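A.B. asks: Need the 3D shape of this:
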Amino acid sequence: MTTNRNFKRRVRARAAKTGQSYTTALRHFRQAPGGDVPTEPKRLRLAVAQAVLREDPRRSAGLRDSGSDIRRLMREAHEAGAALVHFPEGATCSPHKRIMSVDGPDKVGPADWTRFEWGVLRQELTAIAELARKLRLWTVVGSVHGLTPPHRPHNSLYVISDRGEVVTRYDERMLSNTKVTHMYTPGTAPVTFDVDGLRFGLLLGMEVHFPELFIEYERLDVDCVLFSTAGAGRQTDDGDFATQAQAHAATNSYWISYAGPTQDVASGVISPAGRWVVRCRETGKPAIAIIDLDNGPQNFARRWRRTARSGVYDPHLVQDDRRSNDRRVF
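C.D. replies: Alright, predicted model coming up:
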């Protein structure tokens, strides 16, 4: 009884502080797994970025410009109080297939990765990691990840902790035909990581076209998927990628952070209901958008979908009339 009274007191205190009704304030608390004591949802301030993608990895100046842009946006995210900042695919460099082609630029062929200024890329990534440490800012950034020749590199997302350490890396698994034929080695597994009590999953490139990947992360109990893309070409509306991302957020009942290039649709965050809740301005310039994520209130839609997939319908099934002797049409 004491626990229940204390809980009600907390809800009333929140209602008084925010001006909400008791019922609305109650939604900001959620049931603790395996117990009867409600707990506050976990919260995290996220910054999602849109960036200029530079396509020529032979140019050291371009790689350095990309690194400078990333670090400037990291500082903006820190000043806005973000705990995590999320960048697009290829934020450090997004090599163009024709620039990399040994048969190019008129014909797409196998990529020549000796053309990449790998030393400059490593310097920029080191500077990004050092700034993440100084700012105490988790940073997720798109980059090519080199493998030992003759293996092709991965198209990756680095997860850099607030200590400046690369704690994990996600490699794009469902590559386009050009990527898998001429450019990259595919990844093999989903990746999750936790920050401040929220769990994040990672997807990349054209993987928005594969709903099974988003369902996989729902089963891994993520609160938000960080989807990074180099875009599908500027369109008059949000286009396939953004529309599909909204559908995945709604059908899996989790947040999706959508980070893309300045030349594509505006980066932003989609709610578990499938609606854009914040977006960068469509200025064609690097920018961030800020939102406070949480893992509550209790996600009834997600809970029911899990129940529905568990065999809850089986006791209610009956033999189909079409298999019986009853020949009635209606």
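A.B. asks: where do the strands sit along the chain?
C.D. replies: In the chain, the segments counted as strands under DSSP state E are 30-31, 38-39, 43-50, 84-86, 138-145, 154-160, 166-171, 192-195, 198-204, 224-228, 255-259, 268-270, 276-279, 287-294.
A.B. asks: Make CSV from those strands and add mean neighbour count and distance to I70 to it.
C.D. replies: No exception for glycine: its C-beta is placed from N, CA and C like everyone else's. Shown next, in CSV, are those (neighbours: other Cβ atoms under 10 Å; distance: least, Cβ to Cβ, whole Å):
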stretch, mean neighbour count, distance to I70
strand 30-31, 16, 35
strand 38-39, 16, 36
strand 43-50, 25, 8
strand 84-86, 28, 9
strand 138-145, 25, 6
strand 154-160, 25, 11
strand 166-171, 17, 15
strand 192-195, 16, 19
strand 198-204, 24, 17
strand 224-228, 28, 13
strand 255-259, 28, 12
strand 268-270, 24, 18
strand 276-279, 18, 20
strand 287-294, 19, 11
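A.B. asks: Which one of these lies nearest to P186?
C.D. replies: With respect to P186, and counting by Cβ to Cβ, the nearest of those is strand 166-171 at 7.1 Å.
A.B. asks: what does the closest one contact?
C.D. replies: Contacts of strand 166-171 with the rest of the structure, by Cβ atoms under 8 Å, 6 or more residues apart in numbering, involve 129, 145, 154-161, 185-188, 190-191, 193, 202-204.
A.B. asks: between it and strand 138-145, how big is the angle?
C.D. replies: Between strand 166-171 and strand 138-145, the angle comes out at 50 degrees (axes from the mean of the first three to the mean of the last three Cα atoms, to 10 degrees).
A.B. asks: Show me what the nearest residue to Y217 once chain neighbours are set aside is bridged to.
C.D. replies: Counting by Cβ to Cβ, 6 or more residues apart in numbering, Y217 lies nearest to G201, which is 3.7 Å off, once chain neighbours are set aside. Judged by DSSP bridges, the bridge partners of G201 are T192, V225.
A.B. asks: Isn't G201 up against D194?
C.D. replies: No - contact between G201 and D194 fails when scored by Cβ atoms under 8 Å: they sit 10.9 Å apart.
A.B. asks: in the sheet, who's paired with the closest residue to K179 other than its chain neighbours?
C.D. replies: Excluding the flanking residues, the one nearest K179 by Cβ to Cβ, 6+ apart is N155, at 6.7 Å. Beta bridges link N155 to V144, judged by DSSP bridges.
A.B. asks: my read: N155 touches S176, true?
C.D. replies: No - taking contacts as Cβ under 8 Å, N155 lies outside contact range of S176: 9.9 Å.
A.B. asks: Identify the contacts common to these two.
C.D. replies: Common contacts of N155 and S176 (Cβ under 8 Å, 6+ apart): G205.
A.B. asks: Which helix or strand in this protein has the lowest average pLDDT?
C.D. replies: In the chain, no helix or strand scores lower on mean pLDDT, DSSP states H and E than strand 30-31, which sits at a mean of 47.
A.B. asks: Now stretch 48-64: average pLDDT?
C.D. replies: What stretch 48-64 shows for mean pLDDT is 96.
A.B. asks: do stretch 307-322 as well
C.D. replies: 76.
A.B. asks: so what pLDDT did the nearest residue to A189 once chain neighbours are set aside get?
C.D. replies: Spatially, and ignoring its direct neighbours in sequence, A189 is nearest to R173 (7.8 Å; Cβ to Cβ, 6+ apart). For R173, the pLDDT comes out at 98.
A.B. asks: thought R173 was touching E216?
C.D. replies: No - at 10.3 Å, R173 does not count as touching E216 under the criterion of Cβ under 8 Å.
A.B. asks: The lengthiest helix in the chain - contacts with which helices or strands?
C.D. replies: Counting residues, the longest helix in the chain under DSSP state H turns out to be helix 60-79. Applying 3 or more Cβ pairs under 8 Å, 6 or more residues apart in numbering; DSSP states H and E, we find helix 60-79 packed against strand 43-50, strand 84-86, helix 118-135, strand 287-294.
A.B. asks: distance of R59 from S66?
C.D. replies: Applying Cβ to Cβ, to the nearest Å, the value for R59 to S66 is 10 Å.
A.B. asks: for N252, same thing?
C.D. replies: 32 Å.
A.B. asks: Looking at the two, which is more packed in?
C.D. replies: For N252 versus S66, neighbours defined as other Cβ atoms under 10 Å are more numerous around S66 (26 against 23).
A.B. asks: Quick check: the more buried one vs H209, distance?
C.D. replies: For S66, the distance to H209 equals 26 Å [Cβ to Cβ].
A.B. asks: what about the nearest residue in space to F116 that is not next to it in sequence, how many neighbours?
C.D. replies: Residue nearest to F116 in three dimensions, not counting chain neighbours: P57, with 4.2 Å by Cβ to Cβ, 6+ apart. Around P57 there are 24 other residues, counting by other Cβ under 10 Å.
A.B. asks: for the most centrally placed residue in the chain, what are its contacts?
C.D. replies: A centroid search over the chain (Cα atoms, centre = their mean) returns L226, at 0.7 Å, as the residue closest to the centre. If a contact means Cβ under 8 Å, 6+ apart, then L226 has 86, 140, 157, 200-203, 257, 259 as its contacts.
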